[in-house]
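J.: Following is a predicted model, sequence given first.
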Amino acid sequence: MVSTLTPLHLITTGSAALVFAIWLYVRHRWRLNLPPGIHGLRCFLQLSNGKFWLDMQDFNRQHGDLACWSLLGINLVVTGSAKIAGDLLDKRSANYSDRPRSVMCGELSGWGKIMLFSNYNDWFRGHRKLFAQEIGSNSTVAKFHRMIEFETRRTLRCILDDPARLQAHVRKNFTSVILRISHGYVTQEGDDPLVELAHTANSQLSMASAPGLFYVDIVPLLKYIPSWLPGAGFKRKAKEYAAVLHDLVEIPHNYAKSQLAAGTALSSLSSRILGEPGLTDELEDSLKWAAATMYQGGADTANSVGYAFYLAMTLHPRVMKKAQEELDSVVGASRLPTFADRPSLLYLEALVTELLRWHTPAPITMRRTRVDDEYNGYFIPADSFIFVNIWAILRDERTYTNPLEFRPERFLGDNPEPHPGNACFGFGRRRCPGYFLGQSVLWLMCAQALATFEISKCVENGVEITPEFNLVGETLVHQAPFKCSIRPRSSEAEALIRQELSLS
Ligand code: HEM
């Protein structure tokens, strides 16, 4: 059958050809000016091994410090350079303080009201203000020192009695401190439901926010398909995640309210705001999410570093011994170290600093550009996804000599290497608001554990077991479970751990 070419055909075909030509031209221009990298479908092949920070490090090695994946106008700009991260996220923070849209995590699972996923807006600024009032400096954190010392010793006792559950004890240490500050909640002995809840929620958060793990983040329209359709498993998952998030926000908040009503509330962020005269529903809602953010944010990252401390000591007995010698000479054996000893323990300070460099609980941070930008001659369009590879920055050979080594000495002497705090807690207006609290809790945990425990490799059937450094997880990572031996250093150390505890 022969078809006739009508004027309508000609107009339609001509318009389509014109649109295609314009699209090719625009794409060509963008490709000329975008940072070097990979453009087109090959992008997907690059995200291969599930450890995004390794994929991205390789990508930057191949294409330079500022590199780009782009597909159909979606641009993923990646850097593992401290200088570029500082230039963009710190110095141009007005343009680099929003988060990328996250359909699976922020929208379907409901995490968008948690600070970590919120854009830079009034809601976000209100939450940051509450954090700043509560834990925004070393002096505000100092009012919690006594409580942190109490919780840390409680943890030492748990580890002493049941070292096989080390990871759970460390997790509980950090979560207990945070829950006291956010909601005035005291965790119970043994397993505590709110500690477990935060752990479950954070594992789900890590999955839901992993770049490219759910197709709905690449094709947002998929969010409208019905959950019963084959392939809509992500919607059922999102529902499950949303239910856990609901508990994470509501349960501790209702606890704080009931304690306040009964006149038994401990001082906390929640009791302070709930007790304010003229509290509106709007302010209560904001508080509820800010307090949940604190509980969730503090429950995972710091404990991830805390667990890695035990791995570092297992693998590096020389470092452990040196820190213990310093503790013995400054603190002695008759008491546990406290925050008052911190200025005198320089090697320990360097050890904790090295720990923050060596183990990165949040290996990548993300931003979205508000408007077009230009950097070193490269075009960064508005709405680009910016991935900063914190993990790579802290292992950059141009900054740290032999970066894979665990060597606290790099931070001592006349020419110390740069402090990792400028990267491991993130950047600019989104830098971690738990900066001071996280470091304080971590420092005390390391100090008291080193003062009282001998941490070493396990011996099984006469064979010494050397654990491996292995990060697991997606956007929030942990050292994979490992075995080590933890024994009291002496009978005096054991007695110190078992001394009666009191917070009054
Ligand atoms: C060693 C401990 C910690 C490390 C290494 C750490 C690391 C980080 C990093 C890398 C970010 C992303 C920052 C960015 O996007 O530029 C972040 C954000 C955040 N952290 Fe931490 N963190 C730690 C402890 C804590 C603690 C104790 C809390 C809560 C009390 C906390 C709450 C948060 C929150 C709420 C955010 C989101 C900030 C925002 O989006 O503006 N973190 N943290």
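T.: Thanks, I have the structure now.

J.: I'd like to know how many residues surround P363.
T.: 26 (other C-beta atoms under 10 Å). For every residue, glycine as well, the C-beta is placed using N, CA and C.

J.: distance of it from R61?
T.: 16 Å (C-beta to C-beta, to the nearest Å).

J.: Show me which residues of the protein sit near the ligand.
T.: 115-116, 135, 178, 293-294, 297-298, 301-302, 305, 361-362, 365, 390, 424-427, 430-434, 437-438, 442 (C-beta under 6 Å from any ligand atom).

J.: In contact with the closest residue in space to T466 that isn't next to it in sequence: list those residues for me.
T.: Nearest residue to T466, sequence neighbours excluded (C-beta to C-beta, 6 or more residues apart in numbering): K457, at 6.1 Å. The contact partners of K457, by C-beta atoms under 8 Å, 6 or more residues apart in numbering, come to 314, 464-467, 484-485.

J.: cutoff 7 Å now
T.: 314, 464-466, 484-485 (C-beta atoms under 7 Å, 6 or more residues apart in numbering).

J.: And for L356?
T.: 305, 420-421, 424.

J.: Any stretches of the chain with poor pLDDT?
T.: Where the chain drops to pLDDT under 70, the residues are 1-5, 23-32, 40-49, 503-504.

J.: Just give me the neighbour total for the residue in the stretch 1-150 of the chain positioned nearest to the ligand.
T.: Closest approach between the stretch 1-150 of the chain and the ligand, counting by C-beta to the nearest ligand atom: L116, at 4.0 Å. A total of 21 residues lie near L116 under the criterion other C-beta under 10 Å.

J.: Ok, D87 next?
T.: Neighbour tally, D87, other C-beta under 10 Å: 16.

J.: tell me which residues form a beta bridge with the residue nearest to it when sequence neighbours are not counted?
T.: Distances taken as C-beta to C-beta, 6+ apart put Y375 closest to D87, at 7.0 Å, once the chain neighbours are dropped. Y375 has these beta-bridge partners by DSSP bridges: Y378.

J.: mind listing what Y375 touches?
T.: Contact partners of Y375, counting by C-beta under 7 Å, 6+ apart, are 66, 87-88.

J.: do the same with F117
T.: With contacts defined as C-beta under 7 Å, 6+ apart, F117 is in contact with 99, 102, 105-106, 111.

J.: got it, and T200?
T.: Neighbouring residues of T200 by C-beta under 7 Å, 6+ apart: V244.

J.: where does it fall, helix, sheet strand or coil?
T.: Classification of T200 using DSSP: H, G, I helix; E, B strand; the rest coil returns helix.

J.: just checking, A198 touches T175?
T.: Yes. With contact defined as C-beta atoms under 7 Å, A198 counts as touching T175 (5.5 Å).

J.: Overlap in contacts, the two.
T.: Shared contacts of A198 and T175, defined by C-beta under 7 Å, 6+ apart, comprise A299.

J.: The spatially most central residue of the chain: what's it in contact with?
T.: Central residue of the chain (C-alpha atoms, centre = their mean): A362, 3.7 Å from the mean position. A362 makes contacts with 301, 390, 475-476, as judged by C-beta under 7 Å, 6+ apart.
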